[in-house]
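Asks: Build me a model:
(4 chains)
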Protein chains: 2
Amino acid sequence: MLTKGGSLSLLPGFAEVDLAGPQLNGFQRESIALFINAASALSLPKSIGEIYGLLFSTPEPLSLDDIVERLRISKGSASEGLRWLKSLGAVNSVYVPGVRREHFTAETSLRKLASGYLRDRIDPHLDNGQERLRALEGSIDGENPDKHFQQSRLGQVRGWYQFISKVLPIVKTLAGKF
Amino acid sequence: MLTKGGSLSLLPGFAEVDLAGPQLNGFQRESIALFINAASALSLPKSIGEIYGLLFSTPEPLSLDDIVERLRISKGSASEGLRWLKSLGAVNSVYVPGVRREHFTAETSLRKLASGYLRDRIDPHLDNGQERLRALEGSIDGENPDKHFQQSRLGQVRGWYQFISKVLPIVKTLAGKF
DNA sequence: AAGTCTGTTCAAGAAAAAATGAACAGTCTG
DNA sequence: CAGACTGTTCATTTTTTCTTGAACAGACTT
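Replies: Okay, here's the model as predicted:
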């Protein structure tokens, strides 16, 4: 009978040992720790950092079940996390001949990672912000004694948006050079 | 008897109306909405966006109790939020002659806001990351067949940190120009 | 020094976010 | 087409984060 970890329960004395499934090597453990830290810096779920860290530190493409096994996280989390990483472009799907299940590797191009992150996580908020900026403008009442104060504030926020729309392209360009 | 909102319950028919305390004007409401959105973009608590938004949209300096009243949040939240904003440098303490309680206005200099944010929220993660980078380096085992793969990955992460340490100063500099 | 007035702290509760795992829907295979 | 294999979805549970409010500590006032 085959255990979940993929090992055979043949050696009564040692069976439990391997129930833990494949071991991670030191490099993998450190990579995962590093990307968990990065995930927390970006306020992303830990599981996303774990998955990316594992793929990043493993030469071979891994399947969803490989990830579940080695990280001991649920299939649901792994699936969600992979979906997120895929949509960002942080993960590449690799075809392994003769194998049905999809396999993944980490995308390591900084340009792709950065632009995917900006596109998925930042741009939506900026779009939303533009709408609110218009609403803010509309809320300034011509009769209000604070009118001038409010117009000055509005101008300030506008400047901030300009700043962002100036900085982001620079970041993307620079990212391409690393 | 004085109600919490600071209004007197003298007009039986209208008493409830004013229990709500000071009204926010349209500009304030829109500003608060805008900064709640910004807070969510930065994964910060809503209350921080509310407090900053209120200060940003109000010409007069406000005290902690003013904020509690107008935003209808607890004193604890307001105190926590102000502490956070103060440490970031997003809020200025203003001395109002003859009044004991501390009053606050919003700091609107993009340079100060950006550098405060980077200092408080990003730098600690970067420092942590540097440590983990060293641990990652130490985890590469000379006997491991993956040694070259691992060294290449290590080089990649190093490049990312270089990127960040190149980009952040640019961001700060540009922020000074807006 | 007793009494106010201010603001902070922190335990407890509420809300939000993330992880789990079982059911499900496709897809391939024989 | 029945059965195995893959991956997704989503209701539930768990964990984390935020908020509340009451107790507290310090500072000013008289």
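
Asks: Just give me the longest helix of chain A.
Replies: helix A:147-175 (DSSP state H).

Asks: Leaving out the residues flanking it, which one is nearest to the residue nearest to the spatial centre of chain A?
Replies: Nearest to the centroid of the C-alpha atoms of chain A, with distances taken as Cα atoms, centre = their mean, sits A:Leu85, at 5.1 Å. Distance criterion Cβ to Cβ, 6 or more residues apart in numbering or on different chains; nearest residue to A:Leu85, sequence neighbours excluded, is A:Val91 at 4.1 Å. (Each C-beta comes from the backbone N, C-alpha and C, glycine too.)

Asks: Run a quick check on that neighbour versus A:Leu82, I expect a contact.
Replies: Yes - counting by Cβ atoms under 8 Å, A:Val91 touches A:Leu82, with 6.4 Å between them.

Asks: Give the residues shared as contacts by these two.
Replies: Counting by Cβ atoms under 8 Å, 6 or more residues apart in numbering or on different chains, the common neighbours of A:Val91 and A:Leu82 are A:Phe104.

Asks: How far away from the center of its chain is the host helix or strand of the residue nearest to the centre of chain A?
Replies: Per DSSP states H and E, A:Leu85 falls inside helix A:75-88. Centroid separation between helix A:75-88 and its chain, computed with Cα atoms, centre = their mean, to the nearest Å, is 9 Å.

Asks: Is DNA strand D within reach of that helix?
Replies: Yes - Helix A:75-88 is in contact with DNA strand D by Cβ under 7 Å from any atom of the strand, via A:75-76, A:79-80, A:82-83.

Asks: Mind checking which of those are buried?
Replies: The neighbour-count test (16 or more other Cβ atoms under 10 Å in any protein chain shown) applied to those identifies A:80, A:82 as buried.

Asks: Take the residues of helix A:75-88 next to DNA strand D and write them to TSV, including pLDDT and distance to DNA strand C.
Replies: Listed next are those as TSV, based on pLDDT from 0 to 100; distance: Cβ to the nearest atom of the strand, whole Å:
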residue	pLDDT	distance to DNA strand C
A:Lys75	97	5
A:Gly76	97	2
A:Ser79	98	7
A:Glu80	97	6
A:Leu82	98	12
A:Arg83	97	11
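
Asks: Please determine how far the residue of chain A positioned farthest from its centre is located from B:Ser57.
Replies: No residue in chain A sits farther from the centre than A:Glu143, which is 47.8 Å out by Cα atoms, centre = their mean. Going from A:Glu143 to B:Ser57 by Cβ to Cβ, to the nearest Å gives 17 Å.

Asks: for A:Val91, same thing?
Replies: The spacing between A:Val91 and B:Ser57, counted by Cβ to Cβ, is 42 Å.

Asks: Between those two, tell me which one has more neighbours.
Replies: Of the pair A:Val91 and B:Ser57, B:Ser57 is the one with more neighbours under other Cβ atoms under 10 Å in any protein chain shown, namely 26 against 22.
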